[in-house]
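>>> Got a sequence here, can you model it:
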Amino acid sequence: MTDLTKTPVTVITGFLGSGKTTLIRHLMANSNGKRLAILVNEFGTVGVDGEILKSCADANCPEENIVELANGCICCTVADDFIPTIEKLLSRPLRPDHILIETSGLALPKPLLKAFDWPAIRSRITVDGVIALADAEAVAAGRFAPDPAAVEAQRAADQKLDHDTPLGEVFEDQIACADIILLTKADLAGEAGLAAARAAIDAEAPRTLPMLAVTDGVIDPKVILGIEAAAEDDIAARPSHHDGEDGHEHDDFASVVIKLPEIADPEMLVAAIQRLAREQNALRAKGHIAVAGKPMRLLIQAVGERVRTQFDRPWGSEPRLSQLVIIGERGDIDEARIREGLGF
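As a prediction, this is how the structure comes out:
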């Protein structure tokens, strides 16, 4: 059994747009009386996911218990950001019963687990479990689970490809570090897609892992919280492409923040974002947009060409500032070209 004096921490990892924020919102709404704290690690300097979660704050997870770290990967800023943030959460008058960490979609989870061995916190917190989210539809389509035939085809097309792409390595490291895999967007994947996704992940996983199909982040919290994995003591069983390295590179990826004027036609912006995915390999787009004549903010969440929009809340007294965070592989991300592609 886990030492009950330690606060359990669940690390929620997964590729861009896999549904991490949606899952956490569900856990917040179904905490069963547990006091939660949430640490959100964004890639880039503008936080969107943290703001979405703060809009769902309640008595069991007040806004001050939702903390954003947008200054880089947690595991690369342990002393400056991660440790002080954890210490501050643990010193709250009402200490959280459980802490959730939403990693960046580009994060490697294993270096984060090593941070739990720091003397300042190792006697106070434990990694209850690592939950990896995988977009079942994408995995079924082979986008993040390469097979030998696909790798050979890529090598034939591009002689520079002599190893897995950075995206493939990130995905495989997230799977290898996990205690449970959630196959998200199960409704879009269908039964055949779920079966294909399970087979693809089984082929990459270093050990047998439980996999559960999830739609809209809905899962009984008892299934993924309180599993008492003590993952920080089990690091050797979680192999990584980066084992033996002192650190890891984030230079494979880049993000830009694009400020936009008030728009008249959201559908035109959606189409422009889809073009960025096709023509400039934009992996992810997210942000809030001011729409002419509309008092509410338009929330945009895009993964590749899949773009979802919804009006989330009124602007109120805050400035009607539209901005998008665009994330992609370094070399594909060029601010001038992105602005041109968006038409601004």
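>>> helices and strands around the helix or strand containing Arg297, which ones?
In the assignment (DSSP states H and E), Arg297 maps to strand 296-303. Here strand 296-303 touches helix 266-280, strand 282-289, strand 306-314, going by 3 or more CB pairs under 8 Å, 6 or more residues apart in numbering; DSSP states H and E. C-betas here are computed from N, CA, C, even on glycine.
>>> so which of these is the most packed in?
strand 282-289 (a mean of 24; mean count of other CB atoms under 10 Å).
>>> quick one: strands adjacent to that one?
Paired neighbours of strand 282-289 in the sheet (DSSP bridges): strand 296-303 (antiparallel), strand 322-329 (antiparallel).
>>> Outside of it itself, list whatever touches it.
Outside strand 282-289, the residues that touch it by CB atoms under 8 Å, 6 or more residues apart in numbering are 16-17, 46, 48-49, 105, 167, 260, 263, 266, 269, 273, 276-277, 297-304, 307, 312, 321-329, 332-333, 338.
>>> From those residues, list just the buried residues.
Buried members of the contacts of strand 282-289, scored by 16 or more other CB atoms under 10 Å, are 16-17, 46, 48-49, 105, 167, 260, 263, 266, 269, 273, 276-277, 297-304, 307, 322, 324-329, 332-333, 338.
>>> And the pLDDT for Val151?
On pLDDT, Val151 comes in at 31.
>>> If you could redo that for Arg35, that was the one I meant.
90.
>>> His242 too?
66.
>>> got it, and the one 3 residues further on?
Per-residue confidence (pLDDT) for Glu245: 57.
>>> Mind naming the longest helix for the protein?
Secondary structure of the chain per DSSP state H: the longest helix is helix 186-204.
>>> And for that helix, what's in contact with it?
With contacts defined as CB under 8 Å, 6+ apart, helix 186-204 is touched by 134, 136-137, 139-140, 142, 145, 147, 171-172, 175-176, 181, 183, 208-209, 211, 213-216.
>>> Filter the residues you listed down to the buried ones.
Neighbour counting over these (16+ other CB under 10 Å) leaves 134, 136-137, 139-140, 145, 171-172, 175-176, 181, 183, 209, 211, 213-215 as the buried ones.
>>> where along this protein do the helices fall?
Under DSSP H, the chain gives helices at 20-29, 49-54, 83-90, 109-115, 136-140, 148-157, 166-177, 186-204, 221-224, 266-280, 335-342.
>>> To Ile12, which of those helices lies closest?
Ile12 lies closest to helix 20-29 among those, at 5.2 Å (CB to CB).
>>> So for stretch 40-51, mean pLDDT?
Stretch 40-51 comes out at a mean pLDDT of 56.
>>> correct me, but Gln323 touches Glu262?
No. Assessed by CB atoms under 8 Å, Gln323 is found out of contact with Glu262, at 12.0 Å.
>>> And the closest residue in space to Leu39 that isn't next to it in sequence, how far from Asp202?
Counting by CB to CB, 6 or more residues apart in numbering, Leu39 lies nearest to Ile101, which is 4.7 Å off, once chain neighbours are set aside. As judged by CB to CB, to the nearest Å, Ile101 and Asp202 stand 26 Å apart.
>>> more neighbours, these two?
The neighbour comparison of Ile101 against Asp202 (other CB atoms under 10 Å) goes to Ile101, with 26 against 14.
>>> Now do the contacts for the more buried one.
Shown in contact with Ile101 (CB under 8 Å, 6+ apart): Val9, Thr10, Val11, Ile12, Ile38, Leu39, Asn41, Ile74, Leu112.
>>> Among these, find me the one that's closest to Arg95.
Relative to Arg95, and with distances defined as CB to CB, the nearest of the contacts of Ile101 is Val9, at 12.9 Å.
>>> For Arg297, see how far away Arg35 is.
The spacing between Arg35 and Arg297, counted by CB to CB, is 29 Å.
>>> ok, now Gly341?
From Gly341 to Arg297 the distance is 23 Å (CB to CB).
>>> for Ala186, same thing?
29 Å.
>>> can you pull the pLDDT of the residue nearest to Ala120 when sequence neighbours are not counted?
In space, and not counting its chain neighbours, Ala120 is closest to Ile83: 5.3 Å by CB to CB, 6+ apart. Looking at Ile83, its pLDDT reads 80.
>>> In contact with Ile83, which residues?
Ala115, Trp118, Ala120, Ile121.
>>> OK, contacts around Ile219?
Under the criterion of CB under 8 Å, 6+ apart, the neighbours of Ile219 are Leu23, His26, Leu182, Leu212.
>>> Can you name the two of these that sit furthest apart?
Within the contacts of Ile219, His26 and Leu212 form the most distant pair, 13.4 Å apart (CB to CB).
>>> Name the residue in these two with the higher neighbour count.
Neighbour comparison, His26 and Leu212: the larger count goes to His26, with 19 against 15 (by other CB under 10 Å).
>>> I figured that one hits Thr215, correct?
No. Using CB under 8 Å, His26 is not in contact with Thr215; the gap is 10.7 Å.
>>> residue nearest the centroid of the protein?
The centre of the chain sits closest to Gly105, judged by CA atoms, centre = their mean, with a distance of 3.6 Å.
>>> confidence score at it?
pLDDT recorded at Gly105 is 71.
>>> quick one: it and Leu89, what's the gap?
From Gly105 to Leu89 the distance is 23 Å (CB to CB).
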